[in-house]
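Enquirer: Here's my sequence, what's the structure:
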Amino acid sequence: RLLEAAQVPKEHTEDFKSVKKFNVFNTNNLWISLPAIQRVVTENTLEMEIIVNPMQLNGGLNVYQLETAVGAAMKCFDNASGINVPRSRFLPVKKTSDLLLVMSNLYSLDHGSLVMSPKRMFPSTPLVKLGDNHFKKVSVFPLQVWIHS
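Expert: Residues are numbered from 1 along each chain as shown. Predicted coordinates for the structure are as follows:
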């Protein structure tokens, strides 16, 4: 079963983020046969659970975002399978910390792919945590990096 972070109970969130406990991640890349989609829609067997995601808007208003996780629909298709993609082929950018790594000289573009610099002494991606207090929004990210440099 594929899980989204919003589906994990709060008391297990840190466990869910642990790469030691969960070393396989959903990259949200799906290849689905169109006739298979037509079949599950026609047969009304596409059962998607609603994920209730509590959020706070900029003005402090607490709201609930209702969403479905398309990866969880795998259970509705016969012979569905996952592909284990090596970490070197997957470079997620979900936070400004990730964006900083991609924008840095740590990577270069080689025929459309980001490649880690051969000058790096270690083959792993460094852990960067800029923090949400000043760097949460991408709109202020370049300004904050320039001010704090």
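
Enquirer: Using the three-state scheme, assign Val41.
Expert: helix (DSSP: H, G, I helix; E, B strand; the rest coil).

Enquirer: lowest-pLDDT helix or strand in the protein?
Expert: Lowest by mean pLDDT, DSSP states H and E among the helices and strands of the chain is helix 141-148, with a mean of 59.

Enquirer: quick one: low-confidence parts of this structure?
Expert: Low-confidence segments of the chain, defined by pLDDT under 70, span residues 1-2, 25-28, 87-88, 141, 143-149.

Enquirer: all helices for it, in order.
Expert: Per DSSP state H, the chain carries helices over the ranges 13-17, 34-42, 96-103, 132-135, 141-148.

Enquirer: Can you say which of those is nearest to Leu61?
Expert: helix 132-135 (18.2 Å; C-beta to C-beta). Where you see a C-beta, it was placed from the backbone N, CA and C, and this is true even at glycine.
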